[in-house]
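Chemist: A predicted structure for the sequence below; I have some questions about it.
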Amino acid sequence: MGRHSLPDDYADDGSGGGTPPRRRRTVVIATTLVLAIAGGTAVAAQGGLLSFSKSCADSAVQLSVAVSPDLAPAVRAVADKAREDEVRTDGRCLYVSVRARDSYKVAESLSRDTRAPDFQVWLPDSDLWVDRAKGTGDGVPVTPGDSVATSPVTLAMVPSAAKSLGWPKKTYTWAESTAAVMESGKVRLGAADPARSATALMALAGIGASSGKDGGDSDTRVAETAKLLAQRMSDSDAQVLDTLAQNGSGAEQGNPRRNQAVLLSEQAAFAHNAESSGGGKLDLFYPKGGAPLLNYPYTLVNEEGMSTSESRAALRFMTLLSEPGPQAVLAKHGFRNADGEAAPEVVSAAGGRKPQPYATAARTPDAEALQQTLGMWTITVQSARLTTVVDASGSMATIVPGRGQSRMDVTKASLIQALDQFTPNDEIGLWEFATSLDGNKDYRRLVPAARLGDPVKGGGTHRQKLSAAFAALQPVPNGATGLYDTILASYKDAQATYVKGKFNAVVILTDGSNQDDLSISRSALIAELRRIADPERPVPLLAIAVGPEADREELDEVAKVTGGGGYQVIDPAEIQMVILQAIMTAGQNGNAAQE
């Protein structure tokens, strides 16, 4: 394999291609660690750290690794064998402790905390959690490397359900397979929560992408699938396996509480089948066009805070995992190698069979696509009630570099586009603000929040009325930014009109800091928001700083006391994605608070 060797192994061969993209991150890790090692070698030698004693206990380097629960048994087996064989790092024995940690929980913790955790290396099941951990850059820093293993995302079924859909000869795209399940009405489909499961989220994104390619409405298909999955959703990938019909018995097949199909990784099916017999084993459908891969990136945590010995140990364990012996251990646990190559024995044991296209890997959806899918999931499963508050100060007339349009024009277009992501049951209203817009008030309510699908006087729906109101927004000449009073007023209004059972929030967009000298102060605003915030009726403030002059840190400081946060977009065209990201993040934080 050689994927985690030292940087020299990846030198440019003169072809002009340079370092392959998938390997470049490992080069960064290896180079950084080698520099740390070089800088500390002399000190280590003088201090006697480079011991070549046969006694491991006296000088072993301790390394702690947090690992996705599905991968943890295999990594623990590698670590135990390394300890048994007295594998060394610069002459000192390498003792690695492996802790199974849910990837979504680690990502959330790293993104929000500032204190370094009790582990130096993290192996989540997907890059998406590393992106989530990076968040706004305020948490614990992480440095991702290359994959140590992969596993494709599949549609797993009990044999009777698989046979009814033509397994193994019949093949489907993601969109076709879910359509077949929904249209048949006979196959009950379950999944883990896409907010907590990379497997479910990638499958959901794949459904949308293949719907678009098949000529369908991808947003509608994803929304339909989301509603279906929400009815039979489990908290985690491990729990979704417990929902399956068992042993192929008639009683279990007819039990409406039992699923006959689930979105599952190949490795999870492999592990399930290893413990099952007969009708309890699963058959796998692999999507035409290729299955996205869980990729288990080797990730350093708080790299700058690692000691020289920990840096050496992290590099040594990274290289060890790519060696033939450990790779064989991973394969015995049902994983594919880092390139996604399909080992026949793994595929067969997991429930794959020709002509299912199990050898074809798909391009994993990018971070933006996954973020949009997750945002859609959140607002589809839990309807939203949003008060959208838009800066109408004079600075919104500033031309966006490279676009030839004003900040306001680009913001309006992005808001109208974002509106398409919401369902008829979502409630959205619109305010604008500058200074002294309504007498002494800096704000003005333009459209009260209402269901997007509701009819309005004069014809049409609330969605159409709101879209027209977005399009009509104009900067106020010489208007300043009356931010603080507007935040407090819109927040109190959202609290007063709170709708139970929906995701209630205030979304505020501004391109500047508060400019109203007569308004409430920042410290007084924060104190008042903290006083009136009600955890039983949460209304997070989602504050988006638009353009380079806006102060995200200021917005984040204010928004955090409500359970929300501050975000930054340099190009207003990014607003749609950030709104969905903010909704998803606040929704997760709300879920975490309730647990």
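Modeler: Structure received. Numbers count the residues shown, from 1 in each chain.
Chemist: isn't residue 423 up against residue 377?
Modeler: No. If you go by CB atoms under 8 Å, residue 423 and residue 377 don't touch, sitting 11.6 Å apart. Quick note: C-beta positions are derived from backbone N, CA and C, even for glycine.
Chemist: so where is the stretch 251-400 of the chain shaky, pLDDT-wise?
Modeler: Low-confidence segments of the stretch 251-400 of the chain (pLDDT under 70): 251-257.
Chemist: err, the stretch 451-595 of the chain, not the other one
Modeler: Within the stretch 451-595 of the chain, the stretches falling below the threshold (pLDDT under 70) are 584, 587-595.
Chemist: residue 423 and residue 377: which is more packed in?
Modeler: In this comparison of residue 423 against residue 377, neighbours counted by other CB atoms under 10 Å, the higher total goes to residue 377 at 26 against 19.
Chemist: against residue 108, how distant is that one?
Modeler: Separation of residue 377 from residue 108 (CB to CB, to the nearest Å): 17 Å.
Chemist: and the strand or helix carrying residue 508, what does it pack onto?
Modeler: In this structure, residue 508 is located in strand 503-510 according to DSSP states H and E. On a contact count with 3 or more CB pairs under 8 Å, 6 or more residues apart in numbering; DSSP states H and E, strand 503-510 meets strand 384-391, helix 483-496, strand 541-546, helix 575-594.
Chemist: how about a markdown table for the ones you listed, with mean neighbour count and distance to residue 243 added?
Modeler: A markdown table is the format used below for these (neighbours: other CB atoms under 10 Å; distance: least, CB to CB, whole Å):
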| stretch | mean neighbour count | distance to residue 243 |
| --- | --- | --- |
| strand 384-391 | 25 | 28 |
| helix 483-496 | 22 | 37 |
| strand 541-546 | 28 | 33 |
| helix 575-594 | 20 | 20 |
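Chemist: which one, of the ones you listed, ends up nearest to residue 344?
Modeler: Residue 344 lies closest to helix 575-594 among those, at 38.8 Å (CB to CB).
Chemist: show me the shaky parts of the stretch 51-200 of the chain.
Modeler: Going by pLDDT under 70, which is the cut-off in play, the stretch 51-200 of the chain has low-confidence ranges at 51-55, 136, 184-185.
Chemist: report the strands that pair with the strand holding residue 508, each with its relative direction.
Modeler: Based on DSSP bridges, the pairing partners of strand 503-510 within the sheet are strand 384-391 (parallel), strand 541-546 (parallel).
Chemist: now the ones you listed as TSV including distance to residue 291?
Modeler: Written out in TSV, the entries for the strands paired with strand 503-510 read as follows (distance: least, CB to CB, whole Å):
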stretch	distance to residue 291
strand 384-391	31
strand 541-546	34
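Chemist: of all those strands, which lies closest to residue 363?
Modeler: Nearest to residue 363, of all the strands paired with strand 503-510, is strand 541-546, at 29.4 Å by CB to CB.
Chemist: pull the distance from the closest one to the chain's centre.
Modeler: Average the C-alpha atoms of strand 541-546, do the same for its chain, and the two points are 20 Å apart (CA atoms, centre = their mean, to the nearest Å).
Chemist: please name every helix or strand in contact with the helix or strand following it.
Modeler: Note on strand 541-546: by DSSP H and E, the next helix or strand toward the C-terminus is helix 552-560. With contacts defined as 3+ CB pairs under 8 Å, 6+ apart, helix 552-560 has these neighbours: helix 522-532, strand 541-546, strand 565-569.
Chemist: residues in contact with the second one: which ones?
Modeler: Contacts of strand 541-546 from elsewhere in the structure, counted by CB atoms under 8 Å, 6 or more residues apart in numbering, are 391, 407, 411, 487, 491, 505-511, 529, 551-552, 555-556, 558-559, 562, 564-569, 572, 575, 578-579, 582-583, 586.
Chemist: residue 300 sits in which helix or strand?
Modeler: In this structure, residue 300 sits in strand 297-301 according to DSSP H and E.
Chemist: and the contacts of that strand?
Modeler: Contacts to strand 297-301, defined as CB under 8 Å, 6+ apart, come from residues 4, 25-26, 29, 66, 110, 116-117, 119-124, 126-127, 130, 140-148, 306, 314, 318, 321.
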